[in-house]
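Participant: Here is a sequence with its predicted model. Questions after.
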Amino acid sequence: MQMDSVLDDIQDLNLSYLLLVQRLLSEDRATAMFRLKMDDAMADLILSLSGKQLGRLARTNQLLCRLNFDDATQLEQLTSNPRDQGLASSHAALLMSTIGAGAAIADARG
């Protein structure tokens with residue numbers, strides 16, 4: 001059945017994502033926390049999860065990761081940017097970091 005295949009793909013993606021998050025946090029915690037926009041408590045919790053717990057968490061029917069864009073304009077800027085490819089990754093990193101910074105400022109003011 002088509003829906004079972006989609007659910008299996010979601011669960012596989014979730015597990016891959018969780019394993020990647022653990023690896024990023026283990027290799028360079030500060031950079032990973034910045035890229036993933038997570039706080040110390042969440043980083044500690046994810047690092048403490050066992051393989052069994054990761055598997056259980058991955059077996060949800062919801063994606064655990066999401067696109068980190070507020071609107072289609074931001075994605076369009078990254079995909080149709082006429083800049084040199086060498087600068088495109090820097091531009092993407094700056095754009096992605098401002099998305100999190102804007103949300104943090106809004107939360108602090110809110």
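Facilitator: On my side now, so go ahead. Everything quoted here is computed from the prediction, not taken from an experiment.
Participant: Pull the number of nearby residues for Ala32.
Facilitator: Here the number of neighbours of Ala32 (other C-beta atoms under 10 Å) works out to 20. Just so you know, the C-beta spots here come from the backbone N, C-alpha and C atoms, and that holds for glycine as well.
Participant: Would you mark the buried spots in stretch 23-36?
Facilitator: Using 16 or more other C-beta atoms under 10 Å as the test for burial, stretch 23-36 gives 24-25, 32-33, 35-36.
Participant: Ends of it, what's the gap?
Facilitator: Taking C-alpha to C-alpha, to the nearest Å as the measure, stretch 23-36 stretches 12 Å from start to finish.
Participant: Tell me the secondary structure at Lys52.
Facilitator: Recorded secondary structure, Lys52: helix (DSSP: H, G, I helix; E, B strand; the rest coil).
Participant: if I look at it, how far off is Arg23?
Facilitator: 18 Å (C-beta to C-beta, to the nearest Å).
Participant: likewise Thr31?
Facilitator: Taking C-beta to C-beta, one finds Thr31 at 12 Å from Arg23.
Participant: And the furthest pair within the buried residues of stretch 23-36?
Facilitator: Largest separation among those by C-beta to C-beta: Leu25 and Arg35, giving 10.1 Å.
Participant: Poorly predicted segments of this protein, please.
Facilitator: 1, 81-110 (pLDDT under 70).
Participant: Using the record's assignment, carve it into domains.
Facilitator: Domain assignment for the chain by automatic domain parsing gives 1-66, 68-110.
Participant: what's near enough to touch Leu13?
Facilitator: With contact set as C-beta atoms under 8 Å, 6 or more residues apart in numbering, Leu13 has these partners: 63, 65.
Participant: so how far is the helix or strand harbouring Asn14 from its chain's centroid?
Facilitator: Asn14 is part of helix 2-27 when elements are defined by DSSP states H and E. Its chain's C-alpha centre and that of helix 2-27 lie 11 Å apart, by C-alpha atoms, centre = their mean, to the nearest Å.
Participant: Tell me which stretches of the chain form helices.
Facilitator: Applying DSSP state H to the chain gives helices spanning 2-27, 29-36, 40-48, 51-58, 72-79, 85-109.
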